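Novice: I'd like to go over a predicted model; first the sequence, then the structure.
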Amino acid sequence: MKEKTDVEEKNVIPDPWSLPLETLDVSKAEIFQSNQHGEYFRRLRQESPVHFCQESQFGPFWSITKFNDIVAIDSDHKRFSSDTNIVIGDALPELVTPMFIAMDEPKHGVQRKTVQPAVAPTQLSELEVLIRQRVGYILDSLPVNEEFNWVELVSKEITTQMLATLFDIPFEDRHLLPYWSDVATTSETVGIEVDMNERQRVLEECLAYFSKLWHERAAEPRKFDFISLFAHGEETKNMINDPMEFLGNLILLIVGGNDTTRNSISAGVVELNRNPKEYDKLKSDPSLIPNMVSEIIRYQTPLGHMRRTALEDVEFKGHTIHKGDKVVMWYVSGNRDEEVIENPDAFIIDRNKARHHLSFGFGIHRCMGNRVGEMQLRILWEEILKRFDRIELTGEPERVLSNFVMGYSKVPVVVHKK
């Protein structure tokens, strides 16, 4: 019998039910890439919903895996801090970049409020026409009856064009945005070994690009793009003097607007193909699209977790969480909590209360651009149904290696016109 190679041995994901509960480590990126995280979290929800992992590549951490417990932690910003870091791992010290999602009050609220107008309802109504035009152009440019990667030609392109508009950068530079996003979320903090010197060089390139834009926008009248709003904000106009804070907020806005929507666009195609009755349901009743969008975002959970740090000793559900402990809220698990969501492992596009999910977070850090993401998905599927009889999945999708970004690198498809 042929022996397994070291690579094959490394890629074998053990059955979580066969492991001692105290050794269960759900932070391993390989578990998510192989799409086997579901059973790990099922066991934790059933046997240890507030679970302490003593040893991991990121050090000890608490896992919060049930819906209502996550809401409780996420809403308690006085005892659980977002300051410095909101992912399970710690970046290298020289790469720690402040950003408002990783800040506590009052600074968080001030910076968030400054850029909020870019995604306000009035702005969204103006953006809708532009998004629809761009989506239509992208879909009309797709090869028909010929296999291609949906991630590259559709998911990434739609979100990149939207981001280019929100930052108001030259359209020809738009492909820099997903590149910077991928580099920013590719590090030891999510379980991938990369050349950190190269990562730093790329992020410095990103900072230089936007610093030039900042000075241009500051000299012009205020507009409704992110950079102009920061440059003219009374409380943020000096942010340019703290390059790391500026870079941190850039990365936050790029990743927040890129990874989440991109991976939901990919997931919609994957899950409709895996659930053909739901695809038929959609085709016969396009009015289900807004509800389906929420179900896609719940089912995929584009960002799998957020982390907090305990500011004091906290008694929580019979456990003592000590000051300084890492507390990881696994949204990807909470969205499968059987006690809160009926039949949570099923993808149901007309699900009741589909918007009752954790993918956008809760409390003061709830996703600022959630309506923009939902609008892009809604418009995309409205335009798809006008043009195509079916988008056919032609091979097994490939997931990214990450415990943070729940995403796809490849979704092979063929589109069939009506």
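Specialist: Everything's here; your move.
Novice: Residue 241: how many residues sit nearby?
Specialist: Residue neighbour count, defined by other C-beta atoms under 10 Å, stands at 8 for residue 241. Every residue, glycine included, has its C-beta placed from N, CA and C.
Novice: actually residue 205, not the one I wrote
Specialist: For residue 205, the count of nearby residues is 13 (other C-beta under 10 Å).
Novice: Show the backbone phi and psi for it.
Specialist: Residue 205 adopts backbone torsions of phi -60, psi -40, taken as degrees, to the nearest 10.
Novice: State the distance from it to residue 326.
Specialist: Residue 205 sits 31 Å away from residue 326, going by C-beta to C-beta, to the nearest Å.
Novice: what do you get for residue 25?
Specialist: Distance of residue 25 to residue 326, computed by C-beta to C-beta: 13 Å.
Novice: Quick check on the closest residue to residue 149 other than its chain neighbours: phi, psi?
Specialist: In this structure, residue 149 finds its nearest non-sequential neighbour in residue 410, 5.3 Å apart by C-beta to C-beta, 6 or more residues apart in numbering. Note on residue 410: its backbone torsions stand at phi -150, psi 130 [degrees, to the nearest 10].
Novice: Also the one 5 residues further on?
Specialist: According to degrees, to the nearest 10, the main-chain angles of residue 415 amount to phi -100, psi 140.
Novice: Look at it and say how many residues are nearby.
Specialist: Neighbour count of residue 415, defined by other C-beta under 10 Å: 23.
Novice: Flag the shaky bits of this structure, pLDDT-wise.
Specialist: 1-11, 83-124, 185-196, 256-257, 363-370 (pLDDT under 70).
Novice: Now residue 323: phi and psi?
Specialist: Here the main-chain torsion angles of residue 323 (degrees, to the nearest 10) amount to phi -50, psi 130.
Novice: which ones are touching it?
Specialist: With contact set as C-beta atoms under 8 Å, 6 or more residues apart in numbering, residue 323 has these partners: 310-313.
Novice: By neighbour count, which of those wins?
Specialist: residue 310 (20 neighbours).
Novice: Mind listing the residues bridging to it?
Specialist: residue 80 (DSSP bridges).
Novice: Quick check: the farthest pair among the contacts of residue 323?
Specialist: Spatial extent of these (C-beta to C-beta) is set by the pair 311 and 313 at 9.4 Å.
Novice: that older thread, identify the bridge partners of the residue nearest to residue 149.
Specialist: Bridge pairing for residue 410 - DSSP bridges - gives residue 398.
Novice: ok, it - contacts?
Specialist: 149, 151, 397-398.
Novice: and which of the residues you listed is nearest residue 303?
Specialist: residue 151 (16.8 Å).
Novice: Which of the contacts of residue 410 ranks first by neighbour count?
Specialist: Within the contacts of residue 410, residue 151 tops the neighbour count with 24 neighbours, counted by other C-beta under 10 Å.
Novice: Could you check how far that residue is from residue 82?
Specialist: In terms of C-beta to C-beta, residue 151 sits 30 Å off from residue 82.
Novice: likewise residue 240?
Specialist: From residue 240 over to residue 82 the distance is 23 Å, taken as C-beta to C-beta.
Novice: Those two: which has the busier surroundings?
Specialist: Taking other C-beta under 10 Å, residue 240 and residue 82 do not tie; residue 82 has more neighbours (23 against 17).
Novice: so residue 165 makes contact with residue 130?
Specialist: Yes. Counting by C-beta atoms under 8 Å, residue 165 sits close enough to residue 130 to count as a contact (6.8 Å).
Novice: More neighbours: which of these two?
Specialist: Legend: neighbour count by other C-beta under 10 Å for residue 165 and residue 130, higher for residue 165 (18 against 12).
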